[in-house]
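Engineer: quick check, what structure comes out for this input:
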Amino acid sequence: MPFAHLHVHSAFSFLDGASDVRVLAQRCADLGMPALALTDHHTVAGVIRFRHACEKVGVRPIVGAEIALDDASHLTLLARNVLGYENLCRLLTKAHLRHERGSPQVCWEWVEQHAEGLLVLTGCARGAVPHAVVRNDMDGARRTLDRLVTTFGREACFVEIQRLGWPGDRILNTTLCDLAEGAGVRVVGTNNVHAATREDFYLRDIMTCIRTGSRID
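Structural biologist: I've put the predicted structure just below:
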């Protein structure tokens with residue numbers, strides 16, 4: 001079964017993603033991956049370059065973004081069609097225009113207004129559902145997942161699991177799979193990609209130090 005990355009940050013995720021979209025597309029083509037999603041933080045600025053890069057190497061482009069809710073948790077959104085892309089753009093526009101520069105976020109009401117045409121993944125460890133699990137708020141995790149199902153529809157809602165080698169990964173993923181089964185939604189595995197190659201990871205490490213004000217050592 002072919003694998004495709006559905007949670008990917010490029011250099012358009014400022015000071016977070018280390019690789020150009022053209023490098024990401026070529027890397028996927030080299031590995032025989034049929035598709036690639038671009039889910040930069042709060043932006044679709046790289047979409048045109050991304051689409052051209054993917055088409056050039058025969059990889060299907062999937063447009064998306066990772067958004068922050070007003071409780072600081074995240075969601076991963078993927079456009080299913082033109083309407084989904086339009087709604088994604090409307091959400092991002094509101095996130096930037098109605099909050100302080102550098103702190104874009106959306107409220108649940110906006111997500112509910114602009115859900116049509118979008119797929120939702122529950123996100124990384126800071127995602128709305130996983131974050132509740134990490135806090136041991138299982139009732140909150142169930143309520144949030146139920147709200148996502150109600151908003152996007154069961155077929156358009158996926159519980160996202162990642163195995164990145166962090167402490168607690170296995171327990172978190174097991175719990176998320178149980179939640180998905182209880183809610184009747186599917187599970188999707190992602191890698192929260194921030195670099196196309198091992199060499200790019202060092203650059204991403206430097207970017208992280210700049211963003212967080214940390215020393216490289």
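Engineer: what's the distance between the residue most central in space within the chain and Thr39?
Structural biologist: Central residue of the chain (Cα atoms, centre = their mean): Thr76, 3.5 Å from the mean position. For Thr76, the distance to Thr39 equals 5 Å [Cβ to Cβ, to the nearest Å]. To be clear about C-beta, it is placed using only N, CA and C from the backbone, and glycine gets the same treatment.
Engineer: coming back round to it: the residue nearest to the centre of the chain pairs with what?
Structural biologist: Glu66, Leu121 (DSSP bridges).
Engineer: okay, it and Arg198: tell me how far apart.
Structural biologist: 24 Å.
Engineer: for Met33, same thing?
Structural biologist: 17 Å.
Engineer: buried sites along the least confident helix or strand in the chain by mean pLDDT?
Structural biologist: In the chain, the helix or strand scored least confidently by mean pLDDT, DSSP states H and E is helix 198-212, which has a mean of 87. For helix 198-212, a neighbour-count test (16 or more other Cβ atoms under 10 Å) marks 200, 203-204, 207 as buried.
Engineer: stretch 31-41 now?
Structural biologist: For stretch 31-41, by 16+ other Cβ under 10 Å, it's 33, 36-41.
Engineer: returning to what we had before: between Thr76 and Thr39, which contacts overlap?
Structural biologist: By Cβ atoms under 8 Å, 6 or more residues apart in numbering, Thr76 and Thr39 have these common neighbours: 6-7, 64-66.
Engineer: pick out the most distant pair among these.
Structural biologist: Comparing every pair within those by Cβ to Cβ identifies Leu6 and Ala65 as the most remote, at 12.1 Å.
Engineer: so which of the two has more stuff around it?
Structural biologist: Ala65 (27 against 23; other Cβ atoms under 10 Å).
Engineer: that one against Leu92, yeah?
Structural biologist: Yes - taking Cβ atoms under 8 Å as the definition, Ala65 is a contact partner of Leu92 at 6.3 Å.
Engineer: show me what the one helix or strand Thr151 maps to packs onto, helices and strands only.
Structural biologist: Applying DSSP states H and E as the criterion places Thr151 in helix 138-152. Helix 138-152 sits against helix 108-113, strand 118-121, helix 128-134, strand 157-161, helix 169-183, with contacts defined as 3 or more Cβ pairs under 8 Å, 6 or more residues apart in numbering; DSSP states H and E.
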